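A.B. asks: coordinates only, no sequence provided:
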């Protein structure tokens, strides 16, 4: 880390930058430089050597500039990064105009070209920032200051902030800009918020690393789908049953493995998640196999349906209130259903945190041995956390099945568990609002880049790594115990 | 009986591959206590590098099989090792000393990143490869069922044994191995005694990635096709193998790999192919319930 008066050792910088460029060259040499194209005759080779070359040079230059920035020299990085942006802009313009110069752009895909341009852009901004505020030279101290400022701000206005968010969430579908698609995205985000809050009980409060949370989500979804299609149970009747089923799955799984230490638990839950998915795929006569279950009925509002026309003896929402039918009514209704679910989860967690059981979870998270000595039964205590978390996942799963109208094993892959865990951890373990922020960033934002479908997950992965490096404690980091005996150093 | 022997041979081959990958997990876990989630994808990158190296050599006209195998092995190992180094440098080193979950999330992000990187660059369809090493020995023939050992299987097992011997020597006899064991026991004390801890950890990742690349090349030759998603399930199974053998223990990783490979192959042979992964995980749960430290793991005592 650079101190305030760093000696600028350009030879060292050059050496490191060259190493970085060389490493990029080696890494890109085969995977980027050569494409194995499947043809009728087997695999054929296509080369992309300009991309490799540009990437290596680019990485070396950027690395050099970053080292300079760290040492507090801003002028050269600013000029060079601006020059890179201008160069890019000219090439991009040439491509748009159809000039031959436009072929010199480093990468074939315009998305990658634009994405890569963000790097010099952020460098230039950073250089500007340091020039304007020289005291923010060292990145480390700056991050710390902001963590405290931000988290402190959040803690002070916690209630107010939450209230504003709730009001916004309720008013959201009625805003002028909210169309059907946006409300649908909102529903999706809220589903993940509910899952995040549910998992937060397990990971954030009890400190149990669950990598197979999606299994309980799947149990809930399939329970509702099967109850509805085989026994004609309505959504509202099936919901508590699905929740209870998921919770009992949690207990069944947790019972043998919860006495294990954290990482084993992680791998067993991961394995369990995969097992559920494999069973759902292969037990075709029970679960419908890879095709899943279709025609899952939608939820109703006190018996009022959200369909174009009601079967005899039932009424639709539109008929009851004597308004014209519109498909967005159902979208809006589903949005409010999940909003209520999510808020219920939140309220439940907040109340739970005042109960002895939640104190016991937090204590277990911090020091299991001490808890044992104090007479807390670790397994039963953890089991309750596991079961409650699973219950919320089951309920969210039922909602998911009802919203989609069908369920299939494809919706319950490991990536889903990873995404939910990422929401909890990126949001900051144990914070409720952090989960909301992370869900909006991770689920909401990518929905608006549907056109860039191919790059969505790539950006998602990069985002996860970058946020972790930038804020290892999560967006809102605060993991203090709910109560203190002495205001001492909290172990994290 | 013939089926059993055949499945035994297949299981040992598959188990060797799992074992090589499991070593990467167990070493990293031993030294910095994190699950290197991206390791399965490093193995996938190794397989892709091997495939591309084969293609390049084909274009360059290197057709003598032993030479091309050797060159591909070297290329794939070197390039993949650089990937292992970079992943550690970029995604894990900045997080050293933060909470235990942070590197895990970063690793999951890295895994998603690597999968999509390869998918974007090489396409999502699976890549077939022409069989380079066909043929084998026929061990026995009974009731019209031939028990056969492919040359490739012999090669895979032999190479695994060689690597294991070399690797054990590296850990027990060299300065690097000593530094590694010291770092594993007590990172701060090792640093105080002059071990370059960062470098040792980097090298651990490099070695793990190199072994994973060998495994990737073996899978490419053995199954003849790869895609960008192969790393996920194999990664989980290899981690299962590491836990089964006792995480942190190197012979344990190899033993666990062999067991997982055998269980999987035997299950597909005698019960059902569909549930072979369930069988592997089921065994894992059993082991953890009855012997939580794994087969060869040391019980970790906790001091208050």
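C.D. replies: Looks like it arrived, so ask away. Source: prediction; values computed, not measured.
A.B. asks: mean confidence score for the helix or strand where residue B:261 lies?
C.D. replies: Taking DSSP states H and E as the criterion, residue B:261 maps to helix B:250-270. Rounded to a whole number, the mean pLDDT of helix B:250-270 is 89.
A.B. asks: tell me the contacts of the closest residue to chain A within the stretch 151-300 of chain B?
C.D. replies: Proximity of the stretch 151-300 of chain B to chain A (CB to the nearest CB) peaks at residue B:281, 3.6 Å away. For the C-beta atoms, the positions are set from N, CA and C on the backbone; glycine is no exception. Counting by CB atoms under 8 Å, 6 or more residues apart in numbering or on different chains, residue B:281 touches A:271, A:272, A:274, A:275, B:240.
A.B. asks: out of those, which comes closest to residue B:179?
C.D. replies: If you rank the contacts of residue B:281 by distance to residue B:179 using CB to CB, residue B:240 comes first, at 28.8 Å.
A.B. asks: quickly find the element holding the closest one.
C.D. replies: Assigned by DSSP H and E, residue B:240 belongs to helix B:230-245.
A.B. asks: enumerate the positions of that helix that are buried.
C.D. replies: Under the neighbour-count criterion of 16 or more other CB atoms under 10 Å in any protein chain shown, helix B:230-245 has B:230-232, B:234-245 buried.
A.B. asks: swap in stretch B:89-107?
C.D. replies: Buried residues in stretch B:89-107, counted by 16+ other CB under 10 Å: B:89, B:91-96, B:98-99, B:101-107.
A.B. asks: and if you look at stretch A:18-27?
C.D. replies: Buried-residue list, stretch A:18-27, by 16+ other CB under 10 Å: A:20, A:21, A:23, A:24, A:25, A:26, A:27.
A.B. asks: how far away is the last one from residue A:130?
C.D. replies: It refers to residue A:27. From residue A:27 across to residue A:130, the span is 30 Å (CB to CB, to the nearest Å).
A.B. asks: same check, this time on the second one
C.D. replies: According to CB to CB, residue A:21 and residue A:130 sit 24 Å apart.
A.B. asks: same deal with residue B:10?
C.D. replies: From residue B:10 over to residue A:130 (counting by CB to CB), the distance is 60 Å.
A.B. asks: kindly identify which of the buried residues of helix B:230-245 also come near chain A.
C.D. replies: Counting by CB under 8 Å from any CB of the partner chain, B:232, B:236, B:239, B:240, B:243 from these sit close to chain A.
A.B. asks: low-confidence ranges in the chain?
C.D. replies: Reading this off chain A. Along chain A, the model assigns pLDDT under 70 to residues A:1-7, A:102, A:134-158, A:261-263, A:303-315, A:318-319, A:322, A:429-430, A:450-451, A:474-492.
A.B. asks: my bad, chain B
C.D. replies: Across chain B, the ranges flagged by pLDDT under 70 are B:298-304.
A.B. asks: what segments of it are strands?
C.D. replies: For chain B, the strands defined by DSSP state E occupy B:127-128, B:136-142, B:145-150, B:225-226.
A.B. asks: tell me the buried residues in the third one?
C.D. replies: The reference is to strand B:145-150. Quick answer for strand B:145-150 (16+ other CB under 10 Å): B:147, B:148, B:149, B:150.
A.B. asks: that strand: partners in the sheet, and parallel or antiparallel?
C.D. replies: Here strand B:145-150 is paired, per DSSP bridges, with strand B:136-142 (antiparallel).
A.B. asks: residues in contact with the partner strand?
C.D. replies: With contacts defined as CB under 8 Å, 6+ apart, strand B:136-142 is touched by B:1, B:2, B:5, B:146, B:147, B:148, B:149, B:150, B:151, B:152, B:153, B:154.
A.B. asks: 7 Å - rerun?
C.D. replies: B:2, B:146, B:147, B:148, B:149, B:150, B:151 (CB atoms under 7 Å, 6 or more residues apart in numbering or on different chains).
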